[in-house]
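[1] sequence unavailable; structure follows:
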């Protein structure tokens, strides 16, 4: 009996083990594949990130362009070796760029949560438009473009921001900017006359929608990188010969013309306060913007390059001033010249906030241009444009600079494949009575005519006026043979209307090959040509 029981239990155990082994060998049903789903909530190109309720869009563009007689992205020849027209100037400058963008959006009970970022992978002409070995752009020991060498390249970051419940946090266009920034219809990144924060500025802003296309935005911008030009330190004009400067900084006893003022800005103590009121309708849009900007200098006693010394702290400093700017922007659609045509215009005024008038997608330019002359005895002519937020002399107060400008474009579609834009701008920089008097006193000393200033002599008909105007006029024509592929050609003229008169005997700078001698103060002109191909994706 015990034997039968043992055989029965053993057989049962064997059957159980066998059935378990067979069950383990059976195929397991695979999980369903989770295919990418189209997200139609936010327009074409969005899809759901698998396993989430977040939609994402990947995009960007590939752009290749070349500028002749100018800098990258159609920068006029308004300074440097190309402004002098010397043998170190490149006849053309090119950039190849791929911009890559990511845009994510998630619907929540507070509204859409959005993140956006753009990275630019690019390679460009080393030095942009110069191969002068003394230039920081080409001197390998001081080269900010060191990666623009064979097999290399660099990455730039434009927008990086998050939006939630009406707020925007991160690097984006200022709330002060118009919807088109500095591009009413142009390719050039150097159309002056108003704000251009298209490459982004660190900010916090809030937008409220009031209905019927009316909205308002208020924000705080970090001005450190973007919204500062120069506080001109005038004391260096009247210092000893070994550190004296006039029309720019110079650390030797030779008289040099550099076209810049030594910059005595102090640290940032407050953000720019910016905002706009805007209305969007079928006929177009209108926007009114405003900004408040702090203008604060470092110390009364500085070196010729506005650097601190051991005497700086005890020398005191000028009182902080507060400047600002306003801008009105207008777009008119549905004009009778054709479908899709429009006109974009904006007008700006600033006091102590010149970057919102003399603005590019990068820093504000300082103008120093040379050309020929018919003045007897002169070796050439020169034109100057000093861009600043204000100027001061030691022990005095900051005199804020005034600037105003207007720019715009008429955009016309000839047919679905061809379009053209006519664009232009006019800008002016003015130094008020005290600023002009201090500037000219520092420049010419006590004798306004025939003054010998540290090796620099002025002609008998010399008169000092640091005010200047700049004008631009251009046209661009585009051909789009297939969707998202565009070839374009842009021609642009630039004019510097400077107000100095007479002549100065000086050198164009320690690193310039141009001769020392009399240079006539004269208005200057230049023209550039830009060709571009761009594929959006």
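    Here it is on my side, so go on. The structure presented is a predicted model; accordingly, all values stated were derived computationally and were not measured. Numbering: from 1, shown residues only.
[2] all strands of the stretch 51-200 of the chain, in order?
    55-68, 92-108, 111-124, 154-164, 167-172 (DSSP state E, counting those that start in this stretch).
[3] go on, the stretch 301-450 of the chain?
    321-332, 342-351, 367-371, 380-385, 390-392, 399-413, 418-431.
[4] remind me which residues of the stretch 251-400 of the chain are low pLDDT?
    Residues of the stretch 251-400 of the chain meeting the criterion pLDDT under 70: 251-259.
[5] before we move on, back to that, and of the strands of the stretch 301-450 of the chain, who's closest to residue 128?
    Nearest to residue 128, of all the strands of the stretch 301-450 of the chain, is strand 367-371, at 15.9 Å by CB to CB. No exception for glycine: its C-beta is placed from N, CA and C like everyone else's.
[6] residue 372 and residue 76: what is the separation?
    18 Å (CB to CB, to the nearest Å).
[7] comparing those two, which residue is more hemmed in?
    residue 76 (29 against 12; other CB atoms under 10 Å).
[8] in a markdown table, list the strands of the stretch 301-450 of the chain along with mean neighbour count and distance to residue 121.
    Converted to a markdown table, those look like this (neighbours: other CB atoms under 10 Å; distance: least, CB to CB, whole Å):
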| stretch | mean neighbour count | distance to residue 121 |
| --- | --- | --- |
| strand 321-332 | 20 | 32 |
| strand 342-351 | 22 | 30 |
| strand 367-371 | 23 | 32 |
| strand 380-385 | 23 | 34 |
| strand 390-392 | 27 | 39 |
| strand 399-413 | 23 | 29 |
| strand 418-431 | 20 | 28 |
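[9] now distance to residue 282 too, for the ones you listed, in TSV please.
    Formatted as TSV, the strands of the stretch 301-450 of the chain follow (distance: least, CB to CB, whole Å):
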stretch	distance to residue 282
strand 321-332	11
strand 342-351	12
strand 367-371	41
strand 380-385	41
strand 390-392	43
strand 399-413	17
strand 418-431	21
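[10] among those strands, which is nearest residue 231?
    Closest approach to residue 231 among the strands of the stretch 301-450 of the chain (CB to CB): strand 390-392, 5.4 Å.
[11] could you pull out the helices for the chain?
    2-25, 80-84, 433-444 (DSSP state H).
[12] out of these, which gets the lowest mean score?
    Of all the helices of the chain, mean pLDDT reaches its minimum on helix 2-25 (a mean of 44).
[13] any idea how far residue 458 is from the residue nearest to residue 514 when sequence neighbours are not counted?
    Closest residue to residue 514 apart from its sequence neighbours, by CB to CB, 6 or more residues apart in numbering: residue 508 at 4.3 Å. From residue 508 over to residue 458 the distance is 16 Å, taken as CB to CB.
[14] coming back round to it: so the residue nearest to residue 514 sits against residue 84, correct?
    Yes. Using CB atoms under 8 Å, residue 508 is in contact with residue 84, at 6.2 Å.
[15] what touches both of these two?
    370, 514 (CB atoms under 8 Å, 6 or more residues apart in numbering).
[16] about what we covered before: so how many other residues sit close to the residue nearest to residue 514?
    Residue 508 has 25 nearby residues by other CB under 10 Å.
[17] what of the one 3 residues further on?
    The local packing of residue 511 (other CB under 10 Å) involves 14 other residues.
[18] list the buried ones in stretch 224-232?
    Under the neighbour-count criterion of 16 or more other CB atoms under 10 Å, stretch 224-232 has 226-232 buried.
[19] closest one of the residues you listed to residue 348?
    Scanning the buried residues of stretch 224-232 for proximity to residue 348, where the rule is CB to CB, the winner is residue 227, at 13.0 Å.
[20] and the closest one, what's its pLDDT?
    Reported pLDDT for residue 227: 91.
[21] swap in the one 3 residues further on?
    Reading off the per-residue confidence, residue 230 sits at a pLDDT of 94.
[22] specify the beta-bridge partners of residue 292.
    Assessed by DSSP bridges, residue 292 has beta-bridge partners residue 273, residue 324.
[23] what about it, neighbour count?
    Neighbours of residue 292 (other CB under 10 Å): 16.
[24] quick one, what contacts residue 294?
    With CB under 8 Å, 6+ apart, residue 294 has these contacts: 223, 268-270, 272, 320-322.
[25] look up phi and psi at the residue nearest to residue 514.
    phi -70, psi 10 (degrees, to the nearest 10).
[26] pretty sure residue 260 contacts residue 229?
    No. With contact defined as CB under 8 Å, residue 260 does not reach residue 229; the gap is 10.6 Å.
[27] any idea how far residue 349 is from residue 406?
    10 Å.
[28] and the residue sitting nearest the centre point of the chain, what does it touch?
    Nearest to the mean C-alpha position of the chain, by CA atoms, centre = their mean, lies residue 361 at 1.8 Å. Contacts for residue 361 (CB under 8 Å, 6+ apart) come out as 73, 181-182, 189-190, 196, 198-199.
[29] pLDDT score for residue 474?
    So residue 474 comes in at 98 (pLDDT).
[30] which strand residues bridge the closest residue to it other than its chain neighbours?
    Closest residue to residue 474 apart from its sequence neighbours, by CB to CB, 6+ apart: residue 492 at 3.5 Å. Taking DSSP bridges as the rule, residue 492 bridges to residue 474, residue 528.
[31] go ahead and confirm residue 492 touches residue 192.
    No. Residue 492 is not in contact with residue 192 according to CB under 8 Å; the separation is 11.4 Å.
[32] what touches both of these two?
    residue 472.
[33] can you report how many residues neighbour residue 69?
    Neighbours of residue 69 (other CB under 10 Å): 20.
[34] correct me if wrong: residue 485 contacts residue 479.
    No. Residue 485 is beyond contact range of residue 479, at 9.2 Å (criterion: CB under 8 Å).
[35] would you confirm that residue 200 contacts residue 172?
    Yes. With contacts counted by CB under 8 Å, residue 200 reaches residue 172, the gap being 5.5 Å.
[36] so what's residue 181 closest to, chain neighbours aside?
    For residue 181, the closest residue by CB to CB, 6+ apart turns out to be residue 198, at 4.0 Å.
[37] looking at the contacts of residue 361, which one is closest to residue 208?
    So of those, ranked by how close each gets to residue 208 (CB to CB), first place is residue 181, at 21.7 Å.
[38] distance check, the closest one against residue 54.
    From residue 181 to residue 54 the distance is 29 Å (CB to CB).
[39] in terms of neighbours, single out the busier of the two.
    residue 181 (20 against 15).
[40] returning to what we had before: neighbour-wise, which one of the contacts of residue 294 leads?
    residue 272 (27 neighbours).
[41] which residues does that one contact?
    174, 176, 220-223, 227, 291-294.
[42] equivalent analysis for residue 300, please.
    235, 312, 315-318, 394-395.
[43] so among these, which ones count as buried?
    235, 312, 317-318, 394.
[44] looking at these, which one is closest to residue 162?
    Taking the buried ones among the contacts of residue 300 together and measuring to residue 162 by CB to CB, the closest member is residue 317, at 37.7 Å.
[45] dihedrals phi and psi, the closest residue to that closest one other than its chain neighbours?
    Excluding its sequence neighbours, the residue lying closest to residue 317 (CB to CB, 6+ apart) is residue 299, at 5.2 Å. Main-chain dihedrals, residue 299, degrees, to the nearest 10: phi -140, psi 160.
[46] burial count for residue 299?
    20.
[47] wait, it touches residue 315, no?
    Yes. Applying CB under 8 Å as the test, residue 299 and residue 315 come out as touching, 5.3 Å apart.
[48] residues contacting the closest residue to residue 421 other than its chain neighbours?
    In space, and not counting its chain neighbours, residue 421 is closest to residue 185: 3.3 Å by CB to CB, 6+ apart. Neighbour list for residue 185: 344, 408-411, 421-423, 476 [criterion: CB under 8 Å, 6+ apart].
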